[in-house]
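> Structure for the following, please:
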Amino acid sequence: MRLLGSKVKQYRKQKNLSQQELADGICTQATVSLMEKKNKVPSIKIILQICRRLNVSLNDVLSGLGSGMDEQFEAISLAIRKGDYLSADGLLGKLNMSNVQNSFDRERYHYYRGFVELGAKQRPDEAIFHFNLLLHRSYRMPWDLYAIVGNVGMAAAYMERHELEKARYYLNEAMTYLDDFEWHDEANFKRLIWARYRMAQMYLELEQPQLVIENVESALTAVKHQASLYLIDVLYEVRGQAEQALLATAAAKRSLMIAKTLALVTHNVALQERLAPSLGSLVAD
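Have a look, this model is predicted:
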């Protein structure tokens, strides 16, 4: 494990903090200076507190947390974000678990295994087991995106079990953390948008359209800021569905028309097919 002092300095400057301001109440200014200039690793407690103040995760400032399995895990992540849980299950099955020796890789494994248990096998109890293991490690580090999406996973599992109050609890936990989260790379950006989209879907099912719109608007703001098309078509779709639930017919028609246009741009045939009856009924009205 090696501290990336240049990263600490980069994130500190992004926050417009001096070394003394970053250190205040955590350590000395000299310690921060040694971290940035000499890659000196203080205690893990200090690193965690520094990460919290910078609103970054450990893997943003430390190298050597993974075990060379990043490409395998990224392929699994991509399959899950696409909703291809069967492929994700197959990729997880190919992992050599004897290589999963450190806490960071174990955390990633439980995160992906939880969603595979839900999406590919419809086993919410197994999913809850894996998400619990993830949250048990991460819960004291809510700025870590794995803790955030772990809460989203728990909510999805309890939705499957029709335990709606528990689902609402975990969704509210995820929202609390997401409101303060800042991403620093493309992978975390996509996890953030995916989490907001999944939460919007669940709030729609829970008949809480205002919270659907709140999550969608937050995601759309981030997507537009990045000039990205990631999930933008389905975000407009779920916003239109929430507006329909609120009887805001004109707004719903506008959102769904935007979703249809974007679906053509992104070649999302499944979305185009889903939107046809919805738009037809709105035009008829």
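> could you point out which element follows the helix or strand bottoming out on mean pLDDT in the chain?
Every helix and strand in the chain was compared by mean pLDDT, DSSP states H and E; the lowest is strand 62-63, with a mean of 72. Beyond strand 62-63 in the direction of the C-terminus, DSSP states H and E gives the next helix or strand as helix 70-81.
> So which elements touch that next one?
helix 85-93, helix 103-119, helix 186-205 (3 or more Cβ pairs under 8 Å, 6 or more residues apart in numbering; DSSP states H and E). (Each C-beta comes from the backbone N, C-alpha and C, glycine too.)
> Least confident of the ones you listed, on average?
When the helices and strands packed on helix 70-81 are compared on mean pLDDT, helix 103-119 scores lowest, with a mean of 86.
> all helices of the stretch 151-285 of the chain, in order?
Defined through DSSP state H, counting those that start in this stretch, the helices belonging to the stretch 151-285 of the chain, from first to last, are 164-178, 186-205, 209-225, 232-245, 249-266, 269-284.
> Please list all residues in contact with residue 266.
Contact analysis of residue 266 by Cβ atoms under 8 Å, 6 or more residues apart in numbering lists 229, 232, 233.
> Surely the last one is in contact with residue 256?
In other words, residue 233. No. Here residue 233 lies out of contact with residue 256, judged by Cβ atoms under 8 Å, at a distance of 10.6 Å.
> Could you report the distance from residue 220 to residue 43?
When Cβ to Cβ, to the nearest Å is applied, the distance between residue 220 and residue 43 equals 41 Å.
> Those two: who's more crowded?
Ranked by neighbour count (other Cβ atoms under 10 Å), residue 220 and residue 43 place residue 220 first, with 17 against 10.
> wouldn't the more buried one be in contact with residue 235 here?
Yes. With contacts defined as Cβ under 8 Å, residue 220 counts as touching residue 235 at a distance of 5.7 Å.
> For the stretch 101-250 of the chain, give me the ranges with low pLDDT.
By pLDDT under 70, the weakly predicted segments of the stretch 101-250 of the chain are 101-104, 137-144, 180, 182-184.
> let's see 90
With pLDDT under 90 as the threshold, the stretch 101-250 of the chain has low-confidence stretches at 101-111, 133-150, 175-192.
> contacting residues around the closest residue to residue 252 other than its chain neighbours?
Excluding the flanking residues, the one nearest residue 252 by Cβ to Cβ, 6 or more residues apart in numbering is residue 243, at 3.8 Å. The contact partners of residue 243, taken as Cβ under 8 Å, 6+ apart, are 209, 213, 249, 251, 252, 255.
> and which of these is nearest to residue 33?
Using Cβ to Cβ, the shortest approach to residue 33 within those belongs to residue 213, at 45.8 Å.
> Could you tell me how many residues sit around the closest residue to that closest one other than its chain neighbours?
If the residues on either side of it in the chain are set aside, residue 213 comes closest to residue 242, at 5.1 Å by Cβ to Cβ, 6+ apart. The local packing count at residue 242 equals 25, with neighbours defined by other Cβ under 10 Å.
> Confirm for me that residue 242 is in contact with residue 214.
No. Assessed by Cβ under 8 Å, residue 242 is found out of contact with residue 214, at 9.5 Å.
> Buried residues of stretch 185-200, list them for me.
188-200 (16 or more other Cβ atoms under 10 Å).
> export it as CSV, just CAs?
Listed in CSV are the C-alpha atoms of stretch 185-200, where the atom choice follows Å, rounded to 0.1, in the frame of the first residue of the first chain:
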residue,chain,number,x,y,z
ASP,A,185,-13.2,9.8,-12.0
GLU,A,186,-15.3,8.4,-14.7
ALA,A,187,-16.1,5.1,-12.9
ASN,A,188,-17.4,6.9,-9.8
PHE,A,189,-19.4,9.3,-12.0
LYS,A,190,-21.2,6.4,-13.6
ARG,A,191,-21.8,4.7,-10.3
LEU,A,192,-23.3,7.9,-9.0
ILE,A,193,-25.6,8.3,-11.9
TRP,A,194,-26.6,4.6,-11.9
ALA,A,195,-27.4,4.9,-8.1
ARG,A,196,-29.6,7.9,-8.6
TYR,A,197,-31.4,6.2,-11.5
ARG,A,198,-32.0,3.0,-9.5
MET,A,199,-33.3,5.0,-6.6
ALA,A,200,-35.7,6.9,-8.8
